[in-house]
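Novice: Here you go, sequence then predicted model.
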Amino acid sequence: MDTIQTKLRVNLVQREFEVAGSEAFVREYAERIEALLERLADGPAVAMAAADPVPRDRDHQDAEPLGEFGSFIQRLPSTATEVDTMLAAGYFAQATSADDTFATAEANKRLLEQGIKLGNPSQCVRQSLVAKRVFLVARGRFRVSQHGRTHLRQMLGSLIPD
């Protein structure tokens with residue numbers, strides 16, 4: 001009886017995919033998973049990851065260049081902290097705002113719409129301020145810094161441009 005538990009994890013941005021079960025179960029699907037990943041490498045997920053994240057026309061809010069927020073935020077690795085999640089939500093809100101900034105409430109509202117509840121969203125933004133991943137633009141308005149973009153790029157790959 002094969003009782004050894006095995007986990008296989010894949011994130012398409014970072015080429016990770018997760019399957020958990022007995023070693024025999026995971027081994028049974030290994031070839032299928034490899035074939036799926038090869039097909040996905042040439043598919044829409046890669047094209048979406050290469051999409052231009054800067055809004056081209058503020059009059060067309062429907063076509064968000066980063067894709068839909070739910071899809072964007074789900075690309076964070078499972079190791080992402082609440083601070084990382086808020087930073088990503090802030091980046092998305094900033095990229096889709098007219099003034100290239102975000103407010104804690106805007107980013108948190110998007111997270112709540114996806115069923116993601118942070119313990120203390122304001123504290124998450126304060127921690128990003130201390131880490132110099134965001135900076136204050138005006139009272140209550142923030143912008144993700146270059147350091148913050150680099151941090152996000154480590155987690156989200158090419159979704160975050162240089």
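Specialist: Ah, there it is. A quick note: this is a predicted structure, and the numbers were derived from the prediction, not measured.
Novice: can you pull out the strands in this protein?
Specialist: Using DSSP state E, the strands of the chain run over residues 5-8, 19-22, 134-138, 141-144.
Novice: List the buried residues for the last one?
Specialist: Same thing as strand 141-144. Under the neighbour-count criterion of 16 or more other CB atoms under 10 Å, strand 141-144 has Arg141, Phe142, Arg143, Val144 buried. Glycine gets a C-beta too; all of them are placed from N, C-alpha and C.
Novice: Which among the strands of the chain is found nearest to His151?
Specialist: Proximity to His151 (CB to CB) singles out strand 141-144 among these, at 9.0 Å.
Novice: Now that closest one: average pLDDT?
Specialist: The average pLDDT within strand 141-144 is 96.
Novice: Give me the residue ranges of the chain where confidence is low.
Specialist: The chain contains residues with pLDDT under 70 at 1-19, 26, 33, 36-66.
Novice: returning to what we had before: ranking the strands of the chain by mean neighbour count, which comes first?
Specialist: strand 141-144 (a mean of 21; mean count of other CB atoms under 10 Å).
Novice: Residues contacting that one, please?
Specialist: 87, 90-91, 94, 99-104, 125, 129, 133-137, 152 (CB atoms under 8 Å, 6 or more residues apart in numbering).
Novice: Which parts of the protein are helices?
Specialist: With DSSP state H as the criterion, the chain has helices at 23-41, 44-49, 69-73, 82-95, 104-113, 121-130, 146-156.
Novice: Let's have those in CSV, adding distance to Asp162 and mean neighbour count.
Specialist: CSV is the format used below for the helices of the chain (distance: least, CB to CB, whole Å; neighbours: other CB atoms under 10 Å):
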stretch, distance to Asp162, mean neighbour count
helix 23-41, 22, 12
helix 44-49, 14, 13
helix 69-73, 18, 17
helix 82-95, 14, 24
helix 104-113, 22, 18
helix 121-130, 20, 18
helix 146-156, 8, 17
